[in-house]
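A.B. asks: model this:
(one chain, ligands or ions: 2)
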Amino acid sequence: MKSILSSSQPFNDQRPGTSGLRKKVRDFQVPHYLENFLQAIFDSQPVLRGGTLVVGGDGRYYNRDAIQIIIRMAAANGISTLIVGLGGLLSTPAASCIIRKYQANGGIILSASHNPGGPEGDFGIKYNTANGGPAPEAITELIYAYTRTVDCYRSVDSDSINLDIAGEHRLGEMCIKLIDPVADYAELMSELFDFKLIRKLFAGGNFRMLFDAMHAVTGPYAHQILEAQLGAPAGTVINGKPKEDFGGGHPDPNLVHAHEIVARSTGVDGVDFAAASDGDGDRNMILGRDFFVTPSDSLAVMAANAHLIKGYREGIRGVARSMPTSQAVDRVAEHLGISCYETPTGWKFFGNLLDDGRITLCGEESFGSGSDHVQEKDGLWAVLFWLNLLAVRRQSVAEIVTEHWRTYGRNFYTRYDYEEIESEAAEILMDRLRDRLPNLPGKSLRGHKVEYADDFSYTDPVDGSTSEKQGIRIGFKDGSRIVYRLSGTGTQGATLRVYLEAYEADLAKHKKETAEVMGPLIKVATKLAKIKARTGRRAPTVIT
Ligand code: G1P
Ligand code: ZN
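C.D. replies: Ligands and ions are numbered 1, 2, ... in the order given. Sure thing, here's the model as predicted:
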């Protein structure tokens with residue numbers, strides 16, 4: 001087979017963000033753009049030479065083209081075995097599972113997560129290391145450094161590989177294994193959860209569930225696990241066929257985009273349990289009848305109930321949450337007498353804590369939770385965790401959560417996103433806020449007394465590395481909190497996220513609407529940052 005060296009030019013905009021390199025499809029289609037980034041991965045990661053690499057994606061537009069490019073370049077860069085998901089599909093958690101199970105040296109996941117797909121949409125590429133997790137910052141920075149000098153790339157001259165036929169192919173010295181994307185992951189789930197008990201729940205006939213795969217990658221996983229293996233009736237999984245443009249939708253499992261299951265879990269005829277996952281299958285939304293479980297609460301409930309679940313019967317070692325995630329789980333950790341770590345936003349910061357055995361469960365307010373079973377957040381895992389819990393406790397979702405609040409108090413939570421604002425305006429807003437931080441402690445803002453105000457910095461307790469400027473935190477004496485940070489995953493302009501949290505121990509006030517409780521704090525947050533004046537926005541684009 002002929003190996004070809006093509007000349008290209010370095011790109012200066014390939015620095016991976018919160019979760020890999022994410023750009024518009026049309027940016028990735030610029031000649032040599034993807035190739036340049038891939039060559040930077042191969043050059044900076046010598047462990048891949050002679051090793052095994054796992055490749056798959058969420059099935060979005062350009063997934064198949066990108067995989068053919070990876071196959072040709074992997075063959076020319078000395079990869080010995082390339083494991084590819086059939087149809088080019090692998091959910092992010094399944095990729096992590098497969099990297100670990102087959103002791104691969106790394107993995108490439110093609111996804112822009114919950115961002116829209118299609119020719120006008122987004123595309124992304126993430127590199128995961130041998131532990132199955134997202135490459136830590138030291139590696140993403142090294143890859144970035146390489147992207148700025150790479151001026152040629154290696155590939156082989158070959159026909160495309162048919163991605164739809166399982167089995168082994170040879171390409172020169174490299175063996176390509178096209179594997180079922182679901183089987184290994186489903187097996188892992190059956191080890192963690194009590195499938196027999198969940199089957200009984202469905203067989204009883206009184207329990208109804210819906211899972212919205214949002215025309216993204218979890219469709220085949222959910223059909224197989226929920227319907228085929230757990231006996232949920234056909235029709236439980238909706239939008240289960242992966243589509244290149246996600247059916248024109250926005251594969252983000254929140255109250256706005258997963259509206260179909262919101263509607264069908266509302267009212268007396270609503271289903272008992274509904275859930276959704278995102279483009280690449282690592283996010284989840286959990287709903288009961290007439291009840292939305294905030295991701296922060298979901299993590300806290302999971303931590304408090306883990307001992308009831310087969311795979312966590314021995315108890316959990318510790319927990320971690322990203323900084324903007326509500327402090328609900330902290331209270332559970334305190335009660336259990338285990339450590340609770342606060343990390344910067346992004347799953348990569350959980351990696352060392354998981355590897356080092358310091359934590360068992362972790363999560364983010366952005367609809368992500370996971371455990372030490374893989375090194376990624378895992379949407380279907382969270383859904384199965386809840387299903388298993390419902391099967392054990394035989395209570396409704398609402399009962400389980402309100403009982404939790406009764407024990408621990410309630411952390412009301414909301415997030416305001418201001419999308420596609422001008423990058424420069426966003427930077428100025430953050431800089432001006434930063435300038436004000438030293439003067440805030442001790443001040444009273446509309447009756448909320450500021451206890452601390454800082455720009456979050458994190459020192460990893462395992463490797464000692466430090467990450468600075470991870471978001472502005474303003475904590476109040478009454479336990480409430482405002483956090484401001486700029487998104488690291490957007491592809492257009494800047495996105496300002498404002499996270500708000502208020503703690504309420506009083507049982508009588510738990511029934512209040514979140515919007516009502518948060519009202520005063522929202523006013524404080526918008527005024528303090530001068531959001532209207534600096535961004536021109538009167539209202540956020542999305543409220544979750
Ligand atoms: C967002 C979420 C973050 C998550 C990331 C990848 O990043 O806020 O929690 O880890 O997507 O799914 P952001 O856009 O805020 O940088
Ligand atoms: Zn995702």
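A.B. asks: How about G59: what's its closest non-neighbour residue?
C.D. replies: In space, and not counting its chain neighbours, G59 is closest to P242: 4.0 Å by Cβ to Cβ, 6 or more residues apart in numbering. From N, CA and C alone the C-beta is placed, and that goes for glycine too.
A.B. asks: Is the one you found in contact with Y221, as I believe?
C.D. replies: No. The criterion here is Cβ atoms under 8 Å, and P242 misses it with Y221 at 10.2 Å.
A.B. asks: need the contact list for the spatially closest residue to T489 that is not a sequence neighbour.
C.D. replies: Once flanking residues are discounted, T489 sits nearest to T18: 4.9 Å by Cβ to Cβ, 6+ apart. Residues in contact with T18 (Cβ atoms under 8 Å, 6 or more residues apart in numbering) are 345-346, 487-489.
A.B. asks: Could I get the phi/psi values of T18?
C.D. replies: Phi and psi for T18, reported as degrees, to the nearest 10, are phi -50, psi -40.
A.B. asks: Using the three-state scheme, assign the closest residue to ligand 2 within the stretch 401-544 of the chain.
C.D. replies: Residue of the stretch 401-544 of the chain nearest ligand 2, by Cβ to the ion: T489 (9.4 Å). Here T489 is recorded as coil under DSSP: H, G, I helix; E, B strand; the rest coil.
A.B. asks: Count residues in the vicinity of it, would you?
C.D. replies: Number of residues near T489 (other Cβ atoms under 10 Å) recorded here: 19.
A.B. asks: Can you name the residues bridging to I176?
C.D. replies: Beta-bridge partners recorded for I176 (DSSP bridges): L82, H169.
A.B. asks: Please enumerate the strands of the stretch 351-500 of the chain.
C.D. replies: 361-364, 368-371, 410-421, 444-445, 448-455, 458-459, 466-467, 472-476, 481-486, 494-504 (DSSP state E, counting those that start in this stretch).
A.B. asks: Reformat the ones you listed as CSV; add mean pLDDT.
C.D. replies: Compiled in CSV, the strands of the stretch 351-500 of the chain are given as follows (pLDDT from 0 to 100):
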stretch, mean pLDDT
strand 361-364, 98
strand 368-371, 98
strand 410-421, 96
strand 444-445, 93
strand 448-455, 95
strand 458-459, 96
strand 466-467, 92
strand 472-476, 97
strand 481-486, 97
strand 494-504, 96
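A.B. asks: out of those, nearest to V182?
C.D. replies: strand 368-371 (18.3 Å; Cβ to Cβ).
A.B. asks: The nearest residue in space to Y418 that is not next to it in sequence: how many residues sit nearby?
C.D. replies: Nearest residue to Y418, sequence neighbours excluded (Cβ to Cβ, 6+ apart): L496, at 4.3 Å. Counted with other Cβ under 10 Å, the neighbours of L496 add up to 24.
A.B. asks: who's L496 bridged to?
C.D. replies: Under DSSP bridges, the residues paired with L496 across the bridge are Y418, L486.
A.B. asks: ok, it to R485 distance?
C.D. replies: Taking Cβ to Cβ, to the nearest Å as the measure, L496 falls 8 Å from R485.
A.B. asks: follow-up on the earlier one: for the residue nearest to G59, pull up the helix or strand it's in.
C.D. replies: P242 is part of no helix or strand when elements are defined by DSSP states H and E.
A.B. asks: again, but for A276
C.D. replies: Using DSSP H and E, A276 falls in strand 273-277.
A.B. asks: can you tell me the average pLDDT over that strand?
C.D. replies: Mean pLDDT, computed over strand 273-277, is 98.
A.B. asks: I figured T526 hits A533, correct?
C.D. replies: No. Using Cβ under 8 Å, T526 is not in contact with A533, being 10.1 Å away.
A.B. asks: what residues are up against the one residue in the chain that gets nearest to ligand 2?
C.D. replies: The nearest approach of the chain to ligand 2 comes at S113, 3.2 Å away (Cβ to the ion). Going by Cβ under 8 Å, 6+ apart, S113 touches 19, 22, 58, 92, 124, 278-280, 282-283, 489.
A.B. asks: Could you rerun that using 6 Å?
C.D. replies: 278-280 (Cβ atoms under 6 Å, 6 or more residues apart in numbering).
A.B. asks: W347 now?
C.D. replies: Contacts of W347 by Cβ under 6 Å, 6+ apart are 134, 377.
A.B. asks: Okay, it and ligand 1: tell me how far apart.
C.D. replies: Counting by Cβ to the nearest ligand atom, to the nearest Å, the gap from W347 to ligand 1 is 5 Å.
A.B. asks: sorry, back to before: who wins on neighbours among the contacts of T18?
C.D. replies: So for the contacts of T18 (other Cβ under 10 Å), the most neighbours sit at T345, 25 neighbours.
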